[in-house]
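S.K.: What follows is a predicted structure for the sequence shown.
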Amino acid sequence: MSGFVEKPEPLEVPGLVHLHTGKVRELYRNEAGDLVMVASDRISAYDWVLPTEIPDKGRVLTQLSLWWFDQLADLVPSHVLSTELPAGAPADWAGRALVCKSLNMIPVECVARGYLTGSGLVEYDESRTVCGLALPEGLVDGSELPAPIFTPATKAEVGEHDENVSYEEVARQVGADTAARLRQATLAVYSRARDIARDRGIILADTKFEFGFEGEELILADEVLTPDSSRFWPAETWQPGRAQPSYDKQYVRDWLTSAESGWDRKSEQPPPALPQRVVDATRAKYIEAYERLTGLSWS
């Protein structure tokens, strides 16, 4: 069993109808029919939404996504309509709320990989493939791939784990034309972001996107290229053959699987609260990623 250790009660805001509580985001609909997406400070690990929040995390995710949407605007439009705080919304929503288009979402996690690690490494070690795509011999944890690859996954509910699927399965589910458009857009956005990040001393190892349709137009949605949806590695410490330091939840994962936490991730017991030093270190990593990528100072 997994999911929320303590599921939050959504705020009631005049003029907004609450639609969904996700791992990190609350989703509302306004009176115009647009979506209002609010990024909380919640953090998840090992398919659990933890009881401890990371201060400013939701704002970092939102502001970094907005910066990336600007960098990608000529490749694919985004779902963002406004960053203006909805009337009657609490002040705490400032910087973390977006008014977005209501799209016909495509139920596929569009994953791009430029480096071998994570679940891709597990499959590669077994079969020399990732999502059924053959890769050359001799790759190790952290190896750069000959070219970026599109490795889609199913989109799981809270508490469930995304599962890698083949391109052929995506084409069967959403149609060959849509599958081809998803692959093209995913790899184009990844390649642009990889090059931007590389210029700032960061390796974008892999990332995932969500897309939806507005009529026939493909739109980039949700969050993009944040430490929650991407593996960012410091370029100066990259060394294939081992796990890489990263700008993400690694402090949280490492503590949860340490003897100090006393938690067995294979049990059905929920994980414990995080100590303050882990919270502080995780917050610092999110902010460092924002500052290195954007060149802006977090304040």
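M.R.: On my side now, so go ahead.

S.K.: what about the strands in the stretch 51-200 of the chain?
M.R.: 80-82, 97-100, 104-105, 108-115, 129-130, 133-134, 144-150, 153-154 (DSSP state E, counting those that start in this stretch).

S.K.: what angle do the longest one and strand 144-150 make?
M.R.: In other words, strand 108-115. Interaxial angle, strand 108-115 versus strand 144-150 (axes from the mean of the first three to the mean of the last three CA atoms, to 10 degrees): 170 degrees.

S.K.: Can you tell me the strand partners of strand 108-115 and which way each runs?
M.R.: The strands that strand 108-115 pairs with in its sheet are strand 144-150 (antiparallel), strand 153-154 (antiparallel), strand 202-214 (antiparallel) (by DSSP bridges).

S.K.: Once you drop chain neighbours, what's closest to Arg59?
M.R.: Gly95 (4.3 Å; CB to CB, 6 or more residues apart in numbering). The C-beta positions use only the backbone N, C-alpha and C, and glycine is treated the same way.

S.K.: Contacts only, for that neighbour.
M.R.: 59, 62-63 (CB atoms under 8 Å, 6 or more residues apart in numbering).

S.K.: The same query, at a cut-off of 10 Å, please.
M.R.: By CB atoms under 10 Å, 6 or more residues apart in numbering, Gly95 lies in contact with 39, 56, 58-60, 62-63, 66, 83, 85.

S.K.: Same question for Pro10.
M.R.: Counting by CB under 10 Å, 6+ apart, Pro10 makes contact with 16, 18-21, 26-28, 38, 40.

S.K.: how much space between the closest residue to Asp228 other than its chain neighbours and Leu225?
M.R.: Among residues not flanking Asp228 along the chain, Leu61 sits closest, at 6.0 Å (CB to CB, 6+ apart). As for Leu61, its distance to Leu225 is 10 Å (criterion: CB to CB, to the nearest Å).

S.K.: One more: Gly215?
M.R.: Using CB to CB, Gly215 is found at 25 Å from Leu225.

S.K.: returning to that earlier point: what's the local residue count around the residue nearest to Asp228?
M.R.: Residues lying near Leu61 (other CB atoms under 10 Å) number 24.

S.K.: same deal with the one 3 residues further on?
M.R.: In terms of burial, Leu64 registers 26 neighbours under the definition other CB under 10 Å.

S.K.: Use 200 as the first number for this chain going forward.
M.R.: That works, and once the first residue is 200, the last one we named lands at Leu263.

S.K.: so it touches Ala396, yeah?
M.R.: No - judged on CB atoms under 10 Å, Leu263 makes no contact with Ala396 at a distance of 11.6 Å.

S.K.: can you list residues touching both of these two?
M.R.: Common neighbours of Leu263 and Ala396 are listed as 424, 429, 488, 492 (criterion: CB under 10 Å, 6+ apart).

S.K.: got a winner among those residues for most neighbours?
M.R.: Leu424 (28 neighbours).

S.K.: Spatially, and excluding backbone neighbours, which residue is closest to that one.
M.R.: Leaving aside its sequence neighbours, Leu424 sits nearest to Trp267 (CB to CB, 6+ apart; 4.5 Å).

S.K.: what sits against that neighbour?
M.R.: Under the criterion of CB under 10 Å, 6+ apart, the neighbours of Trp267 are 277, 388, 391-392, 395, 419, 422-425, 429, 492-493.

S.K.: 8 Å - rerun?
M.R.: Contacts for Trp267 (CB under 8 Å, 6+ apart) come out as 392, 423-424.

S.K.: what's the answer for Asp273, then?
M.R.: Contacts of Asp273 by CB under 8 Å, 6+ apart: none found.

S.K.: Report how many residues lie close to Gln438.
M.R.: The number of residues near Gln438, taken as other CB under 10 Å, comes to 11.

S.K.: what does the one 10 residues further on give?
M.R.: The number of residues packed around Lys448, counting by other CB under 10 Å, is 21.

S.K.: Where does pLDDT dip in this structure?
M.R.: Within the chain, the stretches with pLDDT under 70 are 200-201, 355-360.

S.K.: Can you tell me the centre-most residue of it?
M.R.: Ser428 (1.7 Å; CA atoms, centre = their mean).

S.K.: ok, back up a step: hey, which of the strands paired with strand 307-314 is tucked in deepest?
M.R.: strand 401-413 (a mean of 22; mean count of other CB atoms under 10 Å).
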